[in-house]
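Chemist: model this:
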Amino acid sequence: MEFKDFSTPKQIKDYLLKVLSRTGGKNSNEVYIYHYSNMNAIHNMINGGYIWLSSPNSMNDTFEKEVIKLSKNTYDYYFTSFSQTEENIAMYKMYAPQPDGAMLCINYEDAKFILSELERAASGKVIATIVRNSKETEETIEADVFWASVAYKGLRDDLIICGTVINNKLKTPLRASELAGFVKLYGWNYENELRLCAKTAHPLKDNEKLAIKIPDTIINRLKIVLCPGFDKKLYRSKIVDLKTLNVAVKDSEYDEFVDFGFTELDTVKELKNQIQKKDREIEELRALLSDKISTEDNYDDYDSIPEEGYHIEKDADGNIIEEGEYKGFELVNGWQYNQILQLGKGKGDDFGESNPDEQPITLEEIKNGVEFHYYEIGSYKNSYIDTHLAEEHIKERGLEFFFVADKKLRLENDEVIPKYSNFRTLEEFLEETNPDLLKYLKTGKHKYDQSDYSEFDI
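Modeler: Numbers count the residues shown, from 1 in each chain. Reported below is the predicted structural model:
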């Protein structure tokens with residue numbers, strides 16, 4: 001039986017629930033669904049590894065919201081929206097406009113894989129994570145989780161449409177409680193909507209959401225399309241982060257052909273300033289925490305660091321960054337490689353700043369034993385300096401003050417004593433290991449900060 005012949009809400013609903021099985025004859029790895037949002041939200045989704053599902057209270061279709069409230073599913077229905085239409089200008093305009101709009105792309109096979117990999121209770125229901133105050137908590141709730149497409153109904157007739165197929169056999173489908181959350185007014189049909197949905201046995205509290213885990217194995221198969229007019233310089237760091245996860249990022253095909261009307265008004269400038277300020281605050285917090293890595297963080301970042309005994313720690317590129325005897329998850333006898341130091345002749349304070357009369361020191365002077373003071377500002381790992389704040393400090397202070405050295409640690413009377421050797425200038429070190437980072441420290445520009453951004457394969 002075809003969609004046009006269905007005469008009951010159950011038949012309509014069953015059809016909409018099988019959306020990922022209809023590929024139009026294509027391979028399911030080649031058919032995609034699209035989530036229109038902003039770069040921060042998509043970046044957080046991928047980095048955090050969760051898709052958030054919201055209650056109908058936040059939906060913009062007030063008619064559907066009222067139908068869901070009146071149905072037996074009141075407040076126990078949660079979802080997030082995707083589209084089955086790629087590069088829809090209306091969707092960009094409403095949900096993902098410049099300067100930071102983006103479209104996340106997931107193929108049908110990976111969308112099905114998300115459901116198959118979810119942790120389930122003995123009841124067979126999914127164990128979903130509760131989100132409160134915009135953070136995933138340790139609390140969970142059992143839920144039925146599923147994908148479903150949305151059908152559309154005319155405001156003044158009994159026609160119900162799915163894709164291009166029309167059904168006129170079902171009367172007042174918007175009022176059918178069984179179809180609450182599955183049918184919208186036809187005015188929204190340009191969205192061609194598909195939803196990741198969840199139903200719980202009882203409602204969450206106001207403003208709480210559900211979080212559904214994205215399997216790690218599909219992260220590098222996700223794709224992102226930047227909206228027309230996307231501000232690549234403002235969100236460069238987000239794009240670089242996604243690149244490190246092997247997420248494909250590309251420009252919209254409409255990039256040169258659409259103008260959403262944004263200009264450099266004071267309000268837009270203020271928004272950019274707020275974003276940059278928040279980014280700086282986050283980096284400062286990371287810097288404060290960098291010396292206080294918890295046991296849990298160690299297990300997250302590295303494999304099986306023992307509380308006691310000898311261990312070799314490597315970065316993501318396979319390079320040894322620490323080796324030796326550990327005690328209480330801390331290296332007490334051994335080596336830490338490629339530490340970045342600020343060196344200078346003259347007196348400096350406790351925060352890496354120096355007196356105006358401070359002078360840089362040379363490698364020759366270091367070898368000859370000239371007295372100097374130093375501050376350890378970070379380390380070089382995974383092909384970059386481990387904190388963005390360190391990069392900014394180097395740019396402000398000047399490359400001539402910075403060196404790379406290896407640090408020998410030894411435990412002496414319960415105190416860990418460091419000794420540095422194998423000094424190299426940071427400039428010489430980066431010339432060999434990362435010329436683009438060196439260029440950034442000298443000029444403030446990466447190689448992908450160019451007028452024709454599309455030429456750089458991100």
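Chemist: Asn27: neighbour count?
Modeler: Asn27 is flanked by 10 other residues according to other Cβ atoms under 10 Å. In short, each C-beta sits where N, CA and C put it, glycine included.
Chemist: could you confirm it falls within a helix?
Modeler: No. Counting by DSSP: H, G, I helix; E, B strand; the rest coil, Asn27 falls outside a helix, being coil.
Chemist: and it, what pLDDT?
Modeler: pLDDT recorded at Asn27 is 93.
Chemist: and it, how far is that from Tyr108?
Modeler: Separation of Asn27 from Tyr108 (Cβ to Cβ, to the nearest Å) stands at 9 Å.
Chemist: same thing with Gly318?
Modeler: 35 Å.
Chemist: beyond the lowest-mean-pLDDT helix or strand in the chain, next helix or strand please.
Modeler: When the helices and strands of the chain are scored by mean pLDDT, DSSP states H and E, helix 295-301 comes last with a mean of 39. As assigned by DSSP states H and E, the chain's next helix or strand after helix 295-301 is strand 308-314.
Chemist: list the neighbouring strands of the helix or strand just after that next one plus their orientation.
Modeler: Sequence-wise, the next helix or strand downstream of strand 308-314 (DSSP H and E) is strand 320-327. Looking at strand 320-327 with DSSP bridges, its partner strands are strand 308-314 (antiparallel), strand 330-344 (antiparallel).
Chemist: switch those over to a markdown table; also include mean neighbour count and distance to Thr425.
Modeler: Shown next, in a markdown table, are these (neighbours: other Cβ atoms under 10 Å; distance: least, Cβ to Cβ, whole Å):
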| stretch | mean neighbour count | distance to Thr425 |
| --- | --- | --- |
| strand 308-314 | 14 | 25 |
| strand 330-344 | 20 | 10 |
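Chemist: lowest-confidence stretch among those?
Modeler: When I compare these, strand 308-314 is least confident, with a mean of 81.
Chemist: between Gly318 and Tyr108, which is the more surrounded one?
Modeler: Tyr108 (22 against 6).
Chemist: show the pLDDT at that one.
Modeler: For Tyr108, the pLDDT comes out at 97.
Chemist: let me see the contact set for the residue lying closest to it once chain neighbours are set aside.
Modeler: Residue nearest to Tyr108 in three dimensions, not counting chain neighbours: Ser28, with 4.1 Å by Cβ to Cβ, 6 or more residues apart in numbering. Each residue near Ser28 by Cβ atoms under 8 Å, 6 or more residues apart in numbering is listed here: Leu20, Asn107, Tyr108, Glu109, Lys112.
Chemist: among those, name the ones in helices.
Modeler: Tyr108, Glu109, Lys112 (DSSP state H).
Chemist: residue contacts, the first one?
Modeler: Yep, that's Tyr108 we're talking about. Leu20, Thr23, Ser28, Asn29, Val31, Tyr32, Ile33.
Chemist: among these, name the ones in strands.
Modeler: Using DSSP state E, the subset of those located in strands is Tyr32, Ile33.
Chemist: quick one, which of the contacts of Tyr108 are buried?
Modeler: Leu20, Ser28, Val31, Tyr32, Ile33 (16 or more other Cβ atoms under 10 Å).
Chemist: beta partners of the fourth one?
Modeler: Think Tyr32. Asn107.
Chemist: my guess is it contacts Ile106, does it?
Modeler: Yes. Distance between Tyr32 and Ile106: 6.4 Å, which falls inside the contact criterion (Cβ atoms under 8 Å).
Chemist: what is in contact with the two at once?
Modeler: With Cβ under 8 Å, 6+ apart, Tyr32 and Ile106 have no common neighbours.
Chemist: ok, now which ones touch Glu95?
Modeler: To be clear, residue 95 is Tyr; Glu isn't right here. Tyr36, Ser37, Gly101 are the contacts of Tyr95 under Cβ under 8 Å, 6+ apart.
Chemist: JSON lines for those, including neighbour count and distance to Pro203?
Modeler: Listed next are those as JSON lines, based on neighbours: other Cβ atoms under 10 Å; distance: Cβ to Cβ, whole Å:
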{"residue": "Tyr36", "neighbour count": "25", "distance to Pro203": "27"}
{"residue": "Ser37", "neighbour count": "20", "distance to Pro203": "25"}
{"residue": "Gly101", "neighbour count": "26", "distance to Pro203": "32"}
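Chemist: do I have it right that Glu400 meets Leu363?
Modeler: No. In terms of Cβ under 8 Å, Glu400 does not count as a neighbour of Leu363; the distance is 11.3 Å.
Chemist: now do the shared contacts for those two.
Modeler: Joint contacts of Glu400 and Leu363 (Cβ under 8 Å, 6+ apart) are Thr425.
Chemist: which of the two has more neighbours?
Modeler: Glu400 (15 against 12).
Chemist: contacts only, for the more buried one.
Modeler: Contacts of Glu400 by Cβ under 8 Å, 6+ apart are Pro360, Thr425, Glu427.
Chemist: what's the answer for Ile51, then?
Modeler: Met45, Thr80, Ile114, Leu196, Ala211, Ile212, Ile214.
Chemist: quick one: which of these is most hemmed in?
Modeler: Going by other Cβ under 10 Å, Leu196 tops the contacts of Ile51 with 24 neighbours.
Chemist: flag every buried residue along stretch 176-183.
Modeler: Ala176, Glu178, Leu179, Ala180, Gly181, Phe182, Val183.
Chemist: looking at those, which are in strands?
Modeler: Using DSSP E, those in strands are Val183.
Chemist: tell me the two of the buried residues of stretch 176-183 that are most distant?
Modeler: Ala176 and Gly181 (11.1 Å; Cβ to Cβ).
Chemist: ok, and the closest non-adjacent residue to Glu427?
Modeler: Nearest one to Glu427, counting by Cβ to Cβ, 6+ apart, is Leu399 at 4.9 Å.
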